[in-house]
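A.B. asks: fold the following for me, if possible:
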Amino acid sequence: MAVEVVYRSSRDLERLFMDKAEADRHDRMLELAEALATALHRASPTLTDQQCEDIGIYMAKNREVFAKAFKNNPEALAELPDEAQP
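C.D. replies: The predicted model follows:
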């Protein structure tokens, strides 16, 4: 019988990871997405909670591109995928 070690994200209990570092990265991405969703809702209270969450996750998953754009490189936003990543 083989023993397999898996890691579970503390913020996404349904996802399992084979690597602790990957689970930690996923947790940090979700933490950033949550903070972004909160900021988006404060900036635009008419957005639904689901819209804020979706946008926050999209921005968190693509944070490198947004970071480039915020550092005086708005052209970097052309690198964003057309659709939200699963």
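A.B. asks: okay, now residue 36: neighbour count?
C.D. replies: Close neighbours of residue 36, defined as other CB atoms under 10 Å, add up to 20. C-beta: built from backbone N, CA, C; applies to glycine.
A.B. asks: sec struct for it, please.
C.D. replies: helix (DSSP: H, G, I helix; E, B strand; the rest coil).
A.B. asks: mind listing residues that contact stretch 10-19?
C.D. replies: The contact list for stretch 10-19 (CB atoms under 8 Å, 6 or more residues apart in numbering) reads 5-9, 23, 26-27, 30-31, 34.
A.B. asks: mind doing that once more with 6 Å?
C.D. replies: 6-9, 23, 27, 30 (CB atoms under 6 Å, 6 or more residues apart in numbering).
A.B. asks: columns pLDDT on top of the residues you listed, output as JSON lines?
C.D. replies: Listed next are the contacts of stretch 10-19 as JSON lines, based on pLDDT from 0 to 100:
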{"residue": "6", "pLDDT": "87"}
{"residue": "7", "pLDDT": "90"}
{"residue": "8", "pLDDT": "87"}
{"residue": "9", "pLDDT": "81"}
{"residue": "23", "pLDDT": "91"}
{"residue": "27", "pLDDT": "94"}
{"residue": "30", "pLDDT": "95"}
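A.B. asks: out of those residues, who's nearest residue 46?
C.D. replies: residue 30 (24.2 Å; CB to CB).
A.B. asks: sweet, I'm off.
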